[in-house]
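**Student:** generate a structure from the sequence data that follows.
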Amino acid sequence: MKKMETLLLLILTIYFGAACNKKESGQVKISVHATGLKNLKVQAFTSDMLSMEPVVISESVLDSSGNAVLEFKSDHPVLGFVKIGDLEASAFSAPGDEFKIILDSLQKPQGIRYEGDEADVNDYIVKCWAVRLRLDKVNDKYYFQLEQDEFLTVKDSLQANYERLYTLLKEKTTLDPELDKVLEIQQKMNITYFVHNYVRSKYGSQNEIPESIKSIIDKVPDDSLALKYKMSAYSLVVNAFLESRIYTPLFREYKGLSPDSINGMMPALAVGKIEKSDYPEFLKEFLFAKNVNNYLIFNGITPEVNSIYLKFKKTYEDEDYLSALKKSYDKWLAIGPGKPAPDFSADTPDGKKISLSDLKGKVVYMDVWATWCGPCKTELPFSRKIQKDFEGNDQVTFLYVSIDESIPDWHNMLKKDKDFVGIHVNQQQHQQPGAIWESYLMTGIPRYVLIDADGKIVQSNASRPSSGKVTGEIKMLLTRKR
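**Tutor:** Numbering: from 1, shown residues only. Purely as a prediction, here's the structure:
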């Protein structure tokens, strides 16, 4: 009998020792089984909390039986994801976890099942996603099209469903106190972002937001645990908060200035507003980093953006933020002044191919636009004035790159507007190799690029025609060319 007790004690010691070693090592193992699928890429990733881009931490490929294994090290719990083909599934994990994700369908969240560590938590997160998707449309209307009272009813329904699912989760499993708090924060952030989306669509930047809704989005999102767990919903809420509480009031304050002037001032003005706030220090740092990243994405490396980037580097030491900002910064360096302009080809109205490199030897002012873009068309009269300044000068080319998906719409506009002269091409962007949207880091249109006669970038985010600067900038290049 004593031998049996000794053997049992030895087995338990080995088992718990192995479990402790697994936790201490931080190794996480996620097995994936996708019924009837093979050769699909499978990735485990977290979110870059500044840009919201996926940060891949492990990847594999489904074998002939539909199986794949993802392994990575982690020193703290994280609200991650697994992507199988085009489907994303929750993959919350803590150091040492082993669990399995089973997919019976790539089309719906109900086709996802979990086994092993964190199965109940991940199942809860997936069910919350499903509830949110079901409430995207109510009575044949998208939620952001609803009137205030209808929307608040939908919001209350969403919240009640989240709370019901959370109660069921806590009945099934005992949560770590910290995770318990994190999941409560996530529920709050999901609701807050839902309301932010409604406000953005329904009211834009107007002041007349009803108090019952405004009170929800005006709360300072000061939950540091959300950052630790890389909660994507928190990052989205902070971005919306930055827009509504920092950017919008500043745009109103300086609304008399031209778009180019206010856009140039905004990066530093936003930093000043953040620094003077009484937000917690961790939130000030996060908002500062978000602001730098936002303007790197939208404006590129302008003197104003470069100034706040260097200030952040000097002030803060968070490695995740600095790494993310460097990544955004380096992308723009690749198309910065003096770098070769990324070549691309596009179709002329008569169906011929033309490449940017065909225009080498001339100064090129490139205007990326579309027929459906109101701000693009507002700039066209100013473009015509600039072209007249260089009438008869064969050393300057005005290149208009339409990204219209509807070629007939593009053709019709060119036929109707006989004064819309220059070199016209169209490049559709969907999965297009060498798409300018990707190579020129575009986030919207209109977008202008100034290229010198050697085919090198002068400004990858150039002055707009209405700025009054373009003629002078082109003349300077022509002088330099001589």
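
**Student:** can we go C-alpha only for contacts and neighbour counts from here?
**Tutor:** Fine.

**Student:** give me the beta-bridge partners of Ile84?
**Tutor:** Here Ile84 sits in beta bridges with Val42, Leu87, going by DSSP bridges.

**Student:** look up how far Asn67 lies from it.
**Tutor:** Separation of Ile84 from Asn67 (Cα to Cα, to the nearest Å) stands at 11 Å.

**Student:** show me where the stretch 151-300 of the chain dips below the pLDDT cut-off.
**Tutor:** 205-207 (pLDDT under 70).

**Student:** which stretches in it count as strands?
**Tutor:** With DSSP state E, counting those that start in this stretch, there are no strands along the stretch 151-300 of the chain.

**Student:** show me how the record splits this protein into domains.
**Tutor:** For the chain, automatic domain parsing gives the domain ranges 21-116, 135-253, 345-481.

**Student:** what's the burial count for Gln387?
**Tutor:** When neighbours are defined as other Cα atoms under 10 Å, Gln387 has 17 of them.

**Student:** if you could redo that for Glu150, that was the one I meant.
**Tutor:** 12.

**Student:** contact partners of stretch 40-49?
**Tutor:** Contact partners of stretch 40-49, identified using Cα atoms under 8 Å, 6 or more residues apart in numbering, comprise 53-62, 68, 70, 78-85, 91, 227, 230-232, 235, 324.

**Student:** so which bits of it are buried?
**Tutor:** Leu40, Val42, Gln43, Ala44, Phe45, Thr46, Ser47, Asp48, Met49 (16 or more other Cα atoms under 10 Å).

**Student:** and for stretch 411-422?
**Tutor:** Judged by neighbour count (16+ other Cα under 10 Å), stretch 411-422 contains these buried residues: Leu414, Phe420.

**Student:** follow-up on the earlier one: just the buried ones among the contacts of stretch 40-49, please.
**Tutor:** Buried among those by 16+ other Cα under 10 Å: 56, 58-62, 68, 70, 78-84, 91, 227, 230-232, 235, 324.

**Student:** for Arg447, name its beta-bridge partners.
**Tutor:** Residues in beta-bridge contact with Arg447 (DSSP bridges): Val368.

**Student:** which ones among the contacts of stretch 40-49 are found in strands?
**Tutor:** Among the contacts of stretch 40-49, the members falling in strands (DSSP state E) are 54-61, 68, 70, 78-84, 91.

**Student:** okay, the domains of the chain, which one's buried deepest?
**Tutor:** The highest mean neighbour count among the domains of the chain, using mean count of other Cα atoms under 10 Å, belongs to domain 21-116: a mean of 18.

**Student:** tell me the gap between that domain and the middle of its chain.
**Tutor:** Mean-position distance between domain 21-116 and its chain equals 21 Å (Cα atoms, centre = their mean, to the nearest Å).

**Student:** mean confidence (pLDDT) on that domain, please.
**Tutor:** On average, the pLDDT along domain 21-116 is 89.

**Student:** contacting residues around the residue nearest to the spatial centre of the chain?
**Tutor:** By Cα atoms, centre = their mean, the mean C-alpha position of the chain lies nearest to Met52, the distance being 4.6 Å. Counting by Cα under 8 Å, 6+ apart, Met52 makes contact with Ser232, Ser235, Leu236.

**Student:** tell me the phi and psi of the residue nearest to the first one when sequence neighbours are not counted?
**Tutor:** In this case it means Ser232. Distance criterion Cα to Cα, 6 or more residues apart in numbering; nearest residue to Ser232, sequence neighbours excluded, is Ser47 at 6.2 Å. Here is the backbone geometry of Ser47 (degrees, to the nearest 10): phi -100, psi 140.

**Student:** Ser47 pairs with what?
**Tutor:** Pro54.

**Student:** check which helix or strand Ala462 maps to.
**Tutor:** Under DSSP states H and E, no helix or strand contains Ala462.

**Student:** would you agree it is in contact with Leu450?
**Tutor:** Yes - the pair Ala462 / Leu450 is scored as a contact, 5.9 Å apart, by Cα atoms under 8 Å.

**Student:** mind listing the helices for the stretch 51-200 of the chain?
**Tutor:** Taking DSSP state H, counting those that start in this stretch as the criterion, the stretch 51-200 of the chain carries its helices at 119-134, 148-172, 177-203.

**Student:** tell me what the second one is packed against?
**Tutor:** I take that to be helix 148-172. Secondary-structure packing of helix 148-172 (3 or more Cα pairs under 8 Å, 6 or more residues apart in numbering; DSSP states H and E): helix 119-134, helix 177-203.
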